[in-house]
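> Got a predicted model here, sequence first, then my questions.
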Amino acid sequence: MTIPWFLSKSLREALEGYKHVKKLYLAQRDLISPQGQVEVTTALTQIHAKINSKTSDEEIQKEITSLGKVAEKWLKPYPHSEWRENIEVLLVAIAVAMAVRTFFLQPFKIPTGSMQPTLYGIEYEPFDDKPSALKRYWDACVHGEFYHQLLAEDDGVIVSIGKPEKASRFVNKLILTMGYTGPGGNYNKAHTIWFAPEDDQKFRAKAGLYENRRFKKGDKIFSMKEVTGDHLFVDRLTFNFRKPERGDVVVFQTRGIYHPSMPQDQFYIKRLVGLGGETLSIGNDHHTVVDGKRLDASTPHFEKVYTFESKFEENHYFGHVNQFAAEVVDPKYRMYQLAPNFPTESSTFTVPLRRYMVFGDNTMNSSDSRTWGTFPQENIIGKSFFVYWPISNHGESRFGWSHLATR
């Protein structure tokens, strides 16, 4: 049947007509008279017999014509059939997309810099001159870079800075109100910043924005380039066939992680370090020890993490640090507890059964299990899989699977 179906256009048309008329008949059978039911079923039986027999295209075309006449006589066509078919196709596409998202691949964007330089979160950089429209378009599409700039139209002061709001599914906005003093007197003006920065707190800090800050006419109220975080697909399939392993970069829900700094409705991404039942410590040499075994650059998935210089540099690997080591590197951590679960290298932490411990690759700037402890294995969503956007930024490309490379 398969080969003749490919070779004969008439056979394909007959099969399609048979299916369509049968579908209409089954839906309307209770409304058709006994005579009509007999005629329709007879026509369906005859064309079905022709489809399954070795007959000529001419004979098949006659049966198609006969079936069409019977269908026109007794069956009512669907109203707006073109719209119906398009909606059916759309619903099938949505169902397939939802199935893929639920069982196979789920899109995820990196919100913070806790996994840098393996995966980058949102960053903000000052710029002087705004590029041309063509270059801004290129930078947005390829590098995920967006330029935000606002000039003071008169002498004035920042009256208020709103929160980012969703203008649509993919576009957000932020309202900044300025109080100006112009030739005609004092007036307020609300400036709408389209495609506003998602992390407004970080943006404000980087741009130096705060209420009551004063500007002269023509001053740059802000001039910041937003470099978006990596967008990737999360593999939701693998962990149905094997358990997560040490070194996997995993995405998990924060629900059930009880700590003052931890929201209960977020998704985080970190590197899995400790499994249920294991005892961990972090040495002053920036290496984690698991059940007495020191992790190093020869440990699978930690080749880059434990290849580092003795001096800390932003966006470079630096192993893993305990609280004491963090304070040695940066005295600010004497006031801020980066790793309260690992105060010194002699401190140990035993991971409860059916729970996991994760660390960020950006060890000096990561809120992870060193701070808030472990989480239940049921919280695992999947493992990082494929970075699909941006193509490149920060001077390199992490597009594809390059972030999973061991060297």
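Yep, that arrived. Note that the coordinates shown come from a computational prediction; the quantities given were computed from them, not determined experimentally.

> can you give me the strands in the stretch 201-350 of the chain?
With DSSP state E, counting those that start in this stretch, the ranges of strands along the stretch 201-350 of the chain come out as 214-215, 220-227, 231-235, 249-253, 267-274, 279-282, 288-290, 293-294, 349-350.

> could you dump these to TSV with mean neighbour count?
Quick note: C-beta positions are derived from backbone N, CA and C, even for glycine. Putting those into TSV (neighbours: other Cβ atoms under 10 Å) gives the following:
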stretch	mean neighbour count
strand 214-215	15
strand 220-227	19
strand 231-235	20
strand 249-253	21
strand 267-274	23
strand 279-282	22
strand 288-290	21
strand 293-294	12
strand 349-350	16
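
> Could you dump the ones you listed into CSV with mean pLDDT and distance to Gln323 added?
Output for these, formatted as CSV (pLDDT from 0 to 100; distance: least, Cβ to Cβ, whole Å):
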stretch, mean pLDDT, distance to Gln323
strand 214-215, 92, 41
strand 220-227, 90, 31
strand 231-235, 92, 31
strand 249-253, 95, 24
strand 267-274, 96, 16
strand 279-282, 98, 9
strand 288-290, 97, 14
strand 293-294, 96, 19
strand 349-350, 97, 12
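
> can you list these in a markdown table and add distance to Met178?
Shown next, in a markdown table, are those (distance: least, Cβ to Cβ, whole Å):
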| stretch | distance to Met178 |
| --- | --- |
| strand 214-215 | 8 |
| strand 220-227 | 7 |
| strand 231-235 | 33 |
| strand 249-253 | 40 |
| strand 267-274 | 36 |
| strand 279-282 | 48 |
| strand 288-290 | 50 |
| strand 293-294 | 57 |
| strand 349-350 | 50 |
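
> which stretch among those comes nearest Arg12?
Closest approach to Arg12 among those (Cβ to Cβ): strand 231-235, 36.8 Å.

> do you know which of the strands of the stretch 201-350 of the chain lies nearest Ala325?
Counting by Cβ to Cβ, Ala325 lies closest to strand 279-282 out of these; the figure is 7.5 Å.

> Alpha carbons only: can I get the closest one in CSV?
Extracted C-alpha coordinates of strand 279-282, given in CSV (Å, rounded to 0.1, in the frame of the first residue of the first chain):
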residue,chain,number,x,y,z
THR,A,279,30.6,14.4,53.7
LEU,A,280,32.3,17.6,52.2
SER,A,281,34.8,20.1,53.3
ILE,A,282,36.6,22.9,51.4
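
> who does that strand pair up with?
Strand 279-282 pairs in its sheet with strand 288-290 (antiparallel), strand 349-350 (antiparallel), by DSSP bridges.

> where in the stretch 151-300 of the chain is pLDDT low?
Applying pLDDT under 70 to the stretch 151-300 of the chain flags the ranges 169-170.

> okay, now the domains of this protein?
2-74, 123-227, 231-404 (automatic domain parsing).

> want to throw the strands paired with strand 279-282 into a markdown table with distance to Ile282?
Listed next are the strands paired with strand 279-282 as a markdown table, based on distance: least, Cβ to Cβ, whole Å:
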| stretch | distance to Ile282 |
| --- | --- |
| strand 288-290 | 5 |
| strand 349-350 | 9 |
